[in-house]
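Q: only geometry, no sequence info:
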């Protein structure tokens, strides 16, 4: 009798650590393989630094095949065209198929730039830091910008669920412009679908509202909240500011010489529209054990998982899936697969806590939310130059963890250390 086949779809922050942790949990009781688009892990939290040349691409990437091979995990880098859960099969982009007994979906999101006219890199007029390719393009655009500075608009559009990087990038741009001694020539506006600065899709954590508003005032960054971007034209962003009753409070025409706007997310093409697997936006439906209710041999983790918003807001705001939360999903799935290999029931649940280090180049804000959705047992935030140092240390640690193929969870230990000591050891 052949061993069960566990296939992990995706090799980003969640998929990569899932490969190591699941293999450690199941050992020789199952075959573990990864299907990914490309063969490289890229540390997405460093993309804001790439966009201002504080990091080079090579410094934040790791080739996965040799690392996975050492851990006994097979790898395919052609990507998946379609998931067929009724047949327990993946259709790959090269026309081949992969059969599985258990599937772990960790694809991350599809970036919905097309939902707003003129948004995004390529055919649009704004930059992105969601992907390393985008970050490099944003860096090239920034080089042209500094030759002829003008207004900057940064933020996150309606339906976005990842706000931390937008705040990071606004502050990092401010820091870099000061270093170049041209900040005085660059009016900056932060545009966000959040109902208030520091909401973060979480209804705030600790005093993130006060901390981030103060940071923006100190840096002379204006902001527009409850913002709905109607369209983007070359050098001009058209924004509607929405009232609590859903009516248009006022409109803004914001000129820009450089803009980075985070898009809304949706499920990737390979899963979107598969009945019973996803919600209308294409996010994977899961129960408290990270299993799909319709197809119980399918698990999911990370940004691709469907999570209801924290509450109604005038403009749609999604819920972020931070690294801490993703890691807890990975651990739960690994434990559940290990139990299933032993003929036991899947009983582990993810903690769904949130931990974030938002680097501002010369400082930053950190927060811990346990659980992520209010009411919480821990609701903590703090700021200072130590956050920047912690983020640098975290980048070094996490990339080393991937290179070594380590499966030990890390975020909870880091969160406790940051709350207690405000530093990262080693």
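A: Received it, and whenever you're ready, just let me know what you need. Bear in mind the structure is a predicted one, so any value in this text is a computation, not a measurement. Numbers count the residues shown, from 1 in each chain.
Q: could you check which helix or strand contains residue 17?
A: Counting by DSSP states H and E, the element that carries residue 17 is helix 13-26.
Q: quick check: what element follows that helix along the chain?
A: strand 31-35.
Q: quick one: strands adjacent to the helix or strand following that next one?
A: Remark: after strand 31-35, the chain's next helix or strand is strand 40-42, criterion DSSP H and E. Next to strand 40-42 in the sheet, as set by DSSP bridges, lie strand 61-63 (antiparallel).
Q: tally of neighbours for the closest residue in space to residue 288 that isn't next to it in sequence?
A: Nearest residue to residue 288 in three dimensions, chain neighbours excluded: residue 349, at 4.9 Å (CB to CB, 6 or more residues apart in numbering). Heads up, the C-betas are built off the backbone N, CA and C, glycines and all. Counted with other CB atoms under 10 Å, residues neighbouring residue 349 total 16.
Q: same question, the one 3 residues further on
A: Taking other CB under 10 Å as the neighbour definition, residue 352 ends up with a count of 22.
Q: list the residues that contact it.
A: 325, 328, 329, 371, 372, 373 (CB atoms under 8 Å, 6 or more residues apart in numbering).
Q: same list (the residues you listed) but as CSV, adding pLDDT and neighbour count.
A: Shown next, in CSV, are the contacts of residue 352 (pLDDT from 0 to 100; neighbours: other CB atoms under 10 Å):
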residue, pLDDT, neighbour count
325, 89, 27
328, 93, 23
329, 95, 25
371, 86, 16
372, 85, 24
373, 83, 16
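Q: what two of those have the greatest distance between them?
A: Greatest spatial distance among the contacts of residue 352 (CB to CB): 329 and 373, at 14.4 Å.
Q: contact partners for the closest residue to residue 336 other than its chain neighbours?
A: Spatial nearest neighbour of residue 336, excluding adjacent residues (CB to CB, 6+ apart): residue 346 at 3.6 Å. By CB under 8 Å, 6+ apart, residue 346 lies in contact with 289, 291, 336, 337, 339, 340.
Q: top of the residues you listed by neighbour count?
A: Most neighbours among the contacts of residue 346, by other CB under 10 Å: residue 337, with 26 neighbours.
Q: against which helices or strands is the host helix or strand of it packed?
A: Residue 337 belongs to helix 323-341 when assigned by DSSP H and E. When contacts are defined as 3 or more CB pairs under 8 Å, 6 or more residues apart in numbering; DSSP states H and E, helix 323-341 packs onto helix 13-26, strand 102-105, strand 298-300, strand 354-359, helix 411-421.
Q: got the angle for that helix vs helix 411-421?
A: If you take axes from the mean of the first three to the mean of the last three CA atoms, to 10 degrees, helix 323-341 sits at 140 degrees to helix 411-421.
Q: related to what we said a few turns ago, out of the contacts of residue 352, who's nearest residue 10?
A: Closest to residue 10, out of all of the contacts of residue 352 and judged by CB to CB, is residue 329, at 12.4 Å.
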